[in-house]
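# got a predicted structure plus its sequence, pasted below:
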Amino acid sequence: MSYQFDWSVLFSGQSGSWLLQGLITTLQISALAWLLALVLGIFAGSFRTLPIGPLRWAASCYVEFFRNVPLLVWMFFWYFGVPPLLPQAVQDWLFDHGAEFWAGMFALGVYHGARFSEVIRAGIQSIPSTQFEAAVSTGLTIAQTYRLIIIPIALRLIIPPATNESLNLLKNSSVALTIGVAELTFQTRQIETYTARAIEALTAGTLIYLLLCLCIAALVSRLERRFAIPGMIVQMRAE
Amino acid sequence: MKQVLRVLLITVLLVGINESARAQTTLEKIERTGTIVIGTRTGSPPFAYVNKNNDWVGFSIDLVEKAIVPVLAKKIGKSIKVEKKESAPQTRIPLLTSNAVDLIAETMTDTQARRESVDFSITYFVTGAQFLVKKGSPINGIKAAAGKRIAAQQGSTNARIIRERVPSARLVEFPDQPAAFQALVQGQVQAYTNDGIQLAGLKAKAPKPDEWVVVGEFYSYEPYGMAMRKNESDFRHLVNVGLMDAIESGRYFEIYEKWFGKKGEVPYPLSAETKRFLQMQVVPK
Amino acid sequence: MDFQVILNNFGFLFFQGFLGFGDFAGGTLRLAIPAIVLAFPLGIIIGLGRLARTRWISFLATIYVEFFRGVPLVMVIFWFWFIIPNLLGVSLPEYGVALTAFVVFEAAYLGEIVRAGIQSVARGQVEAAAATGLSHTNTMRHIVLPQALRNMIPALVTQFIVLLKDTSLASIIGYIDLTKAAQIVNNREIRPFELYLFIAVVYWLCSYGMSRYAGSLERRLSAG
C-alpha cells in the first residue's frame, strides 16, 4: 500500500483544538435544532391526530412539504432564500452574528421536526383510545387531555424511534458544512487540507461521531428503563 | 460479507500497512491500460469546467491533451486516451495516493506542505489571492479586511492566510464558488477572496460583470502545478517535458490565448513578467 | 427569476442527473434502485443475524448495525472512496464506489427493518409452527419471513425515500446525480434559486408520491 500513515498530525499543531471546536459546534447546532424539532414535532404530530380539520391539514402540509425534500436543499433555502425577505437591519445583524449557524440550525430543526412529528403521531396513535375517552369523560378539555395525558405517555412510548431520529439529526448536522458552518466534518476536512493526511483525519472524525452516537444511545437506554410505563412497553429483545 | 468488511476496516485502522497492492509504476499502468486518468474540476472555469454543451473542457485539460499526452504517447509508442475524474481540494491528494487518478490537472497550488505527500510538475500558471467586492466597497486589500465578513473556499490556501494575518476578519468558508458568490451578492459577506484568476472568471460570468471589481495586491503567491504520485521521476520527467516543449514551441501560448485571450472565456492577459518566468523554467534539451 | 435556464439544461439535469443516461458517471435513480435491490438481501442476512441464537453471529451483526448507524453517510462514502483502492490496488469507478457505500450503509438500516418485521410476527405463530414439528430454519422460511416481509413493505418504501434523498451526498466524490448536475449548471450560469427550486420539486414529487404509496399500502395491510 502506498499510503504512509502518520497519526501524529492529529495531535500536533492546531488539529486537536480544531476537532474540539468542531465537536462543540456540532453539539450546539444539534442541541438547538433538536429542541426546535421536538417542539415542532409535538405540535405537528398532535395536530395530525386531532379531529379538527384545518389544524390537521396545516400540520400535514408542513410535514409533507419539509420531509420530502433533501436537507441539502433546505440548507440553501434558509441561508440564501430567507434573509432577503427580512428588513435590512435584521439582515445586517444576522450576517454579523453567524447567519450560517442560525440558518443551519433552522434547516435541521424544521426538517427533523417534520420527521419527529411522524414518530410522535405513531406514538399517539398507539395509545389505546380508551385513555383519551376516559380523560375527556373526567371533564378535561381536548387541549388538557393532550397536555396532561396523551403527550406525556406518547413521549415515553416513542423513546426508541425518537432516539434514532435524534441520532439522525446529529449526523445530518454535517450537511451544514455546505453553507460554511464549521462543524465536525468541516474541521476534519480542514485538518486534511492543512496536513494532506486524509485517512487519519477521516478516522478521527468517524471515531468521534461513533463515540458520540454510542454514548447517547447508551444514555437513552438507561433513561428508557427509568421512564418505562409498566405494562405499556413490550421490551423487544433479540433471542 | 459483513465480517470480511469489518475485518478489512479494522485491519486498515489498526495495522495499516501492507505492501502488496502497489505493484506497478504510473508509466507501466498507462502503458498497460492505454489510458491516463486525470483529476480535474467541473466548476473552475476556464481551467476545467462543464461548458454549455455539457462537455468537460478547460485550459488545464487542453494542456494535458495537447502538450503532455503526445509526449507520453511517443514514449510508450501507442495512442493514449484521457479519462477525467472530478477532484476537489479535499479529495485530490487521496485520489492520487489511492491510484484512482494518475495526474491532477486543475487549480492546485504547489506548496511545500503538499510536496511532502505528492510531487509537482513545473509551474504552468501563476496567480495570487485578491478580493472580489461590489463596486465602491471600502475593502481594497488584505489590511481592509479586518473586522469584515469575508468568504473563502473551504480548504484553500487563502482561507489559511486570512486566518493567520487578519484574525479579526469574520471568515465564512464555502465548499464551492457559486455558494460563496451568492453570499457576496446577497450581502452575507462583504468580500470573497480567492486566487485572482478565479475571481476574474467569476466576474466575467456574473449576470452583471460591471457591478463587481477584483481588488488588492496579490497577498499570496499561487503557482499552479500538476500533481503526481511521489517518487516517480520517469513519469514526472515526461510531464515536465510536455509542458516545457509546449512553452518553447509556443503551443502553450496558443492554448493560453484560446482561454484567456481577448476573445477567450476569461480575458486575462499574460504579463511580460509571467511569460518570462514560464520561459525560464524551460531547461535546454 | 428566469426559468429559461431549466429549459436549456433540462436534458442534462433530467437524463444525466436524474436517470443517469449520458457521458458522465451519474444518475440519481441509477444509483438508488440498484442500491436498495442489492442492500435488501444483505439486510435480511443482517436482520436474521441479529436474531440468531448463536452468540457470535448476533454479536457481529449488532456491531455491523451499530457501526454504520453511528457514522454519517458522508464519512462512509469517503472511506470507501479512499480505502478500497488502497487495499485492493485497483481503482473503482465512482459508480462502483458509490453503489458499494450505499449498499453497505443501507444494509444496516434495512437489517433493523427486517428485525422489527420479524419481531412483529406474533409469538404464537412461531410456537404453533414449532408444535407442528417444523425446524427453526423451516419456521423462519415458511412461516415468519413471508409474514414479516409483508409487514415490512411500508417501512421499506420509506427507507427507499430516505435513500433517494441521500444519493445527493454521492456528489461529494464526483458522482453526477441530480444535485451535482444542478451544481454543475449553477457553476456556469449562477442561477441558484431556479436550479435548487427545480431539483427540490423533482425530489418532492418522487418522495411524496412514494410516501403516499407507502401510506396506502400500510392501510391495506393493516386492514387485511
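Received, thanks.
# any weak-confidence spans in chain C?
C:1, C:84-91, C:223-224 (pLDDT under 70).
# what's the longest helix in it?
Longest among the helix segments of chain C by residue count, using DSSP state H, is helix C:192-223.
# residue 104: neighbour count?
Reading this off chain A. 29 (other CB atoms under 10 Å in any protein chain shown). C-beta: built from backbone N, CA, C; applies to glycine.
# ah, I was thinking of chain B
26.
# isn't it right up against residue B:39?
Yes: under the criterion of CB atoms under 8 Å, residue B:104 is in contact with residue B:39, at a separation of 4.6 Å.
# which neighbours do these two have in common?
Contact criterion CB atoms under 8 Å, 6 or more residues apart in numbering or on different chains; residues bridging residue B:104 and residue B:39 by contacting each: B:87, B:92, B:95, B:96.
# restricted to buried residues, select these in PyMOL.
Buried subset of the shared contacts of residue B:104 and residue B:39, written as a PyMOL selection, criterion 16 or more other CB atoms under 10 Å in any protein chain shown:
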select buried, chain B and resi 87+92+95+96
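# in TSV, list the shared contacts of residue B:104 and residue B:39 along with distance to residue C:219 and secondary structure.
Below are the shared contacts of residue B:104 and residue B:39 laid out as TSV (distance: CB to CB, whole Å; DSSP: H, G, I helix; E, B strand; the rest coil):
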residue	distance to residue C:219	secondary structure
B:87	49	coil
B:92	51	helix
B:95	49	helix
B:96	54	helix
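# and of the shared contacts of residue B:104 and residue B:39, the nearest to chain C?
residue B:87 (7.4 Å; CB to the nearest CB).
# residue C:20 versus that closest one, what's the distance?
In this view, residue B:87 and residue C:20 are 21 Å apart by CB to CB, to the nearest Å.
# got the CA coordinates for the helix or strand harbouring residue C:162 in PDB?
Taking DSSP states H and E as the definition, one finds residue C:162 inside helix C:145-166. Extracted in PDB, the C-alpha atoms of helix C:145-166 (Å, rounded to 0.1, in the frame of the first residue of the first chain):
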ATOM      1  CA  LEU C 145     -40.300 -14.400   6.900                       C
ATOM      2  CA  PRO C 146     -43.300 -14.300   4.500                       C
ATOM      3  CA  GLN C 147     -45.400 -12.500   7.100                       C
ATOM      4  CA  ALA C 148     -42.600 -10.300   8.200                       C
ATOM      5  CA  LEU C 149     -41.800  -9.200   4.700                       C
ATOM      6  CA  ARG C 150     -45.400  -8.200   4.200                       C
ATOM      7  CA  ASN C 151     -45.300  -6.200   7.400                       C
ATOM      8  CA  MET C 152     -42.100  -4.500   6.300                       C
ATOM      9  CA  ILE C 153     -43.200  -3.200   2.900                       C
ATOM     10  CA  PRO C 154     -44.200   0.300   4.200                       C
ATOM     11  CA  ALA C 155     -41.000   0.700   6.100                       C
ATOM     12  CA  LEU C 156     -39.000  -0.400   3.100                       C
ATOM     13  CA  VAL C 157     -40.700   2.200   0.900                       C
ATOM     14  CA  THR C 158     -40.000   4.800   3.500                       C
ATOM     15  CA  GLN C 159     -36.300   3.700   3.600                       C
ATOM     16  CA  PHE C 160     -36.200   4.000  -0.100                       C
ATOM     17  CA  ILE C 161     -37.300   7.600   0.100                       C
ATOM     18  CA  VAL C 162     -34.500   8.300   2.600                       C
ATOM     19  CA  LEU C 163     -32.100   6.600   0.200                       C
ATOM     20  CA  LEU C 164     -33.300   8.500  -2.800                       C
ATOM     21  CA  LYS C 165     -32.600  11.800  -1.000                       C
ATOM     22  CA  ASP C 166     -29.300  10.600   0.400                       C
END
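# relative to helix C:192-223, how tilted is it?
Between the axes of helix C:145-166 and helix C:192-223, defined by axes from the mean of the first three to the mean of the last three CA atoms, to 10 degrees, the angle is 170 degrees.
# and helix C:145-166, anywhere near chain A?
Yes: contact of helix C:145-166 with chain A (CB under 8 Å from any CB of the partner chain) involves C:161, C:165, C:166.
# mind listing what's buried in that helix?
C:145, C:148, C:151-166.
# and the following helix or strand past it with helix C:192-223, angle?
Per DSSP H and E, helix C:145-166 leads on to helix C:178-189 as the next helix or strand towards the C-terminus. Per the same axes, to 10 degrees, the angle that helix C:178-189 makes with helix C:192-223 is 170 degrees.
# about what we covered before: of all the residues in the longest helix of chain C, which ones are buried?
In helix C:192-223, counting by 16+ other CB under 10 Å, buried: C:192-200, C:202-204, C:206-208, C:210-211, C:214, C:218.
# right, and residue B:166 touches residue B:141 too?
No: here residue B:166 lies out of contact with residue B:141, judged by CB under 8 Å, at a distance of 10.5 Å.
# neighbour count: those two, which is higher?
With neighbours defined as other CB under 10 Å, residue B:166 and residue B:141 compare such that residue B:166 has more, 18 against 12.
# so for the more buried one, what's the pLDDT?
Residue B:166 carries a pLDDT value of 91.
# whichever residue of the stretch 151-285 of chain B sits closest to chain A: neighbour count?
As assessed by CB to the nearest CB, chain A sits closest to residue B:155 within the stretch 151-285 of chain B, at 3.8 Å. Using other CB under 10 Å, the number of residues around residue B:155 comes to 20.
# ok but it is inside a strand, no?
No: Residue B:155 is assigned coil when assessed by DSSP: H, G, I helix; E, B strand; the rest coil, not a strand.
# how about the backbone phi and psi for it?
Note on residue B:155: its backbone torsions stand at phi 80, psi 10 [degrees, to the nearest 10].
# my read: it touches residue B:87, true?
No: using CB under 8 Å, residue B:155 is not in contact with residue B:87, being 11.8 Å away.
# mind listing what residue A:58 touches?
Contacts of residue A:58 (CB under 8 Å, 6+ apart): residue A:47.
# please apply the same query to residue B:172.
Per CB under 8 Å, 6+ apart, neighbours of residue B:172: A:100, A:180, B:149, B:150, B:151, B:152, B:183, B:188, B:189.
# rerun that using 10 Å as the cut-off
A:95, A:98-100, A:179-182, B:149-152, B:154, B:159, B:179-180, B:183, B:188-189, B:192 (CB atoms under 10 Å, 6 or more residues apart in numbering or on different chains).
# and what of residue A:17?
Contacts of residue A:17 (CB under 10 Å, 6+ apart): residue A:187.
# ok, back up a step: and for residue B:166 and residue B:141, which residues touch both?
In contact with both residue B:166 and residue B:141: residue B:219, using CB under 10 Å, 6+ apart.
# does chain C sit close to stretch B:230-249?
No: judged by CB under 10 Å from any CB of the partner chain, stretch B:230-249 makes no contact with chain C; its nearest approach is 14.7 Å.
# let me know the secondary structure of residue A:134.
With three-state DSSP as the criterion, residue A:134 reads helix.
# any idea how far it is from chain C?
25 Å (CB to the nearest CB, to the nearest Å).
# cool, residue B:273 as well?
Residue B:273 is 31 Å from chain C, by CB to the nearest CB.
# what's the answer for residue A:152, then?
From residue A:152 to chain C the distance is 25 Å (CB to the nearest CB).
# quick check: which element contains that residue?
Applying DSSP H and E, one finds residue A:152 within helix A:151-157.
# off-centre distance for the helix or strand just after that helix?
Proceeding N to C from helix A:151-157, the next assigned helix or strand is helix A:159-172, under DSSP H and E. Relative to its parent chain, helix A:159-172 has a centroid offset of 6 Å by CA atoms, centre = their mean, to the nearest Å.
# check which residues of helix A:159-172 are buried.
Quick answer for helix A:159-172 (16+ other CB under 10 Å): A:159, A:161, A:162, A:163, A:165, A:166, A:167, A:168, A:169, A:170, A:171, A:172.
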